[in-house]
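**Student:** pasting the structure only:
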């Protein structure tokens, strides 16, 4: 973590990895974001899952569900319900970087699905991770919430290649993708009126303070999310309200000008062509493609090419 933070803050455009939002507090803040009126992706994706999962599960008959970035597993329950109704649910492997939040989620799921083995895996999906080889097949890998958008092209390709390497015959990947649209709609979703996203953004500074002994003053930074038309992505920034110096023990001192920012997250937006190309680089193809009526969000079912 120390090396990653140091490398990010030494760049011309200072950066912090988005994964540092997600301690227990950050995970709960994100769950709150998903319920905000401005934040449409969760509602639209949930509706798509409710409409499509029963038929998909009947067709694929998956016995294992492996979810990357599981969080509270709220949407995973839709898939698990369909698997239980079809009589195929055997194993669920939720993967997340927040250990405390994941343990709590796993305990709740064991109570809700007594016939399903729940094996949580604490892992950073931006790095190498290994899923259990001892799993009943077929397996449905799920990467929902358009979390794939938090990776640049190289990072997204590397992650999908790791998933592809773990897939066996008959396995599939269910990928959620936020679609490109009116920038005003996108920016509103990341600049909510109640300020929850701003607090979530500043939580990364609190995590760095706690884990590395840094002296960031979160209140000295303001939140801003902007849409980059050229890159077709939202960028979240923390903007320094004044000239200031932040010190991180065993790393060094970092100077901020008034108005200078730390980029904390990107959220790439897609269309069918872009998803096709992304999956192709990882040895996958789009077998099914579903969107809502207004083409705000898509679910893509990836199969080995």
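**Tutor:** Structure received. This is a predicted model, so every value here is computed, not measured.

**Student:** And for residue 289, the neighbour number?
**Tutor:** For residue 289, the count of nearby residues is 13 (other C-beta atoms under 10 Å). No exception for glycine: its C-beta is placed from N, CA and C like everyone else's.

**Student:** same deal with residue 85?
**Tutor:** Neighbours around residue 85, by other C-beta under 10 Å: 13.

**Student:** Same question for residue 108.
**Tutor:** For residue 108, using other C-beta under 10 Å, the count is 14.

**Student:** so what does the helix or strand that contains it touch, helix or strand wise?
**Tutor:** Residue 108 is part of helix 99-112, with elements assigned from DSSP states H and E. Judged by 3 or more C-beta pairs under 8 Å, 6 or more residues apart in numbering; DSSP states H and E, the packing partners of helix 99-112 are helix 24-33, helix 76-86, strand 91-96, strand 117-118.

**Student:** Kindly compare burial across the ones you listed and name the winner.
**Tutor:** strand 91-96 (a mean of 23; mean count of other C-beta atoms under 10 Å).

**Student:** Can you give the strand pairings for that one, parallel or anti for each?
**Tutor:** Strand pairing for strand 91-96, using DSSP bridges, gives strand 64-68 (parallel), strand 117-118 (parallel), strand 121-122 (parallel).

**Student:** now the residue sitting furthest away from the middle of the chain, nearest residue through space, not along the chain?
**Tutor:** No residue in the chain sits farther from the centre than residue 243, which is 32.3 Å out by C-alpha atoms, centre = their mean. Leaving aside its sequence neighbours, residue 243 sits nearest to residue 258 (C-beta to C-beta, 6 or more residues apart in numbering; 5.2 Å).

**Student:** cool, and residue 105?
**Tutor:** Distances taken as C-beta to C-beta, 6+ apart place residue 73 nearest to residue 105, at 5.2 Å, with adjacent residues excluded.

**Student:** Residue 25 now?
**Tutor:** residue 203 (6.0 Å).

**Student:** Please name the residues that touch that neighbour.
**Tutor:** Applying C-beta atoms under 8 Å, 6 or more residues apart in numbering to residue 203 gives the contacts 21, 23, 25-26, 29, 218.

**Student:** Dihedrals phi and psi, it?
**Tutor:** Here is the backbone geometry of residue 203 (degrees, to the nearest 10): phi -60, psi -30.
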